[in-house]
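Participant: With the sequence up front, the predicted model follows.
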Amino acid sequence: MTTERLLSRVAAIVLALVISPVIGLLSGIAWFEAGGKDSGGIAGFIVGIAVFALLVWKAGSLLQKVFERTRAGLPEPIASCLLFGVVGAVMLGGGMAAGILLLGHTRPEGWDFDRIPLWIGVGFMVFGVAGFVVGRRRRRVAH
């Protein structure tokens, strides 16, 4: 499995974890308001699961193409640094957003929406450094 494929799968799963509960909740509310009083939760759950599956299935290959084009257009250590940094930002920031949305009132102390930008920056920096190291190794192997 190539690095771009692994990074695209991870980013697709995290994006699906963030987007699908929101879409499921909104569709459940819309179903309830449209007259399906008792089945709004079930409809929202089904739509959320369908959106999750669709995003994991389709977004992975789309992100992989974007990552491969980015890698082809930039010099190696910078491309890997950027790709790893973006995936790390999505993982930490998106993971925290998904945790807040899924856990609701039972979330841990300090997990608030105003801290998400901080974790996005931390994720970008930490994974960007790891990507820079991977990029330097790739460049050495290529030469």
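Facilitator: Happy to help now that I have it.
Participant: Flag every buried residue along stretch 102-109.
Facilitator: For stretch 102-109, burial by neighbour count (16 or more other Cβ atoms under 10 Å) applies to no residue. Glycine gets a C-beta too; all of them are placed from N, C-alpha and C.
Participant: How about stretch 23-43?
Facilitator: Of the residues in stretch 23-43, those buried (16+ other Cβ under 10 Å) are Ile23, Gly24, Leu25, Ser27, Gly28, Trp31, Phe32, Gly40, Ala43.
Participant: Same question for stretch 71-81.
Facilitator: Arg71, Glu76, Pro77, Ala79, Ser80, Cys81.
Participant: and those residues, which of them are in helices?
Facilitator: Of the positions in the buried residues of stretch 71-81, Arg71, Glu76, Pro77, Ala79, Ser80, Cys81 sit in helices, assigned by DSSP state H.
Participant: where does this protein dip in pLDDT?
Facilitator: 1, 142-143 (pLDDT under 70).
Participant: Let me see the backbone angles for Gly35.
Facilitator: For Gly35, the backbone dihedrals (degrees, to the nearest 10) come out as phi 120, psi -10.
Participant: Distance of it relative to Ala43?
Facilitator: Separation of Gly35 from Ala43 (Cβ to Cβ, to the nearest Å) stands at 11 Å.
Participant: cool, Leu17 as well?
Facilitator: Taken as Cβ to Cβ, the span from Leu17 to Ala43 is 20 Å.
Participant: With Val133 instead?
Facilitator: Distance from Val133 to Ala43, by Cβ to Cβ: 47 Å.
Participant: Over to Phe52?
Facilitator: 15 Å.
Participant: Now do the buried residues in the host helix or strand of Ala53.
Facilitator: According to DSSP states H and E, Ala53 maps onto helix 40-73. Neighbour-count burial for helix 40-73 flags 40, 43-44, 47-48, 51-52, 55-56, 59-60, 63-64, 67-68, 70-71 (criterion: 16+ other Cβ under 10 Å).
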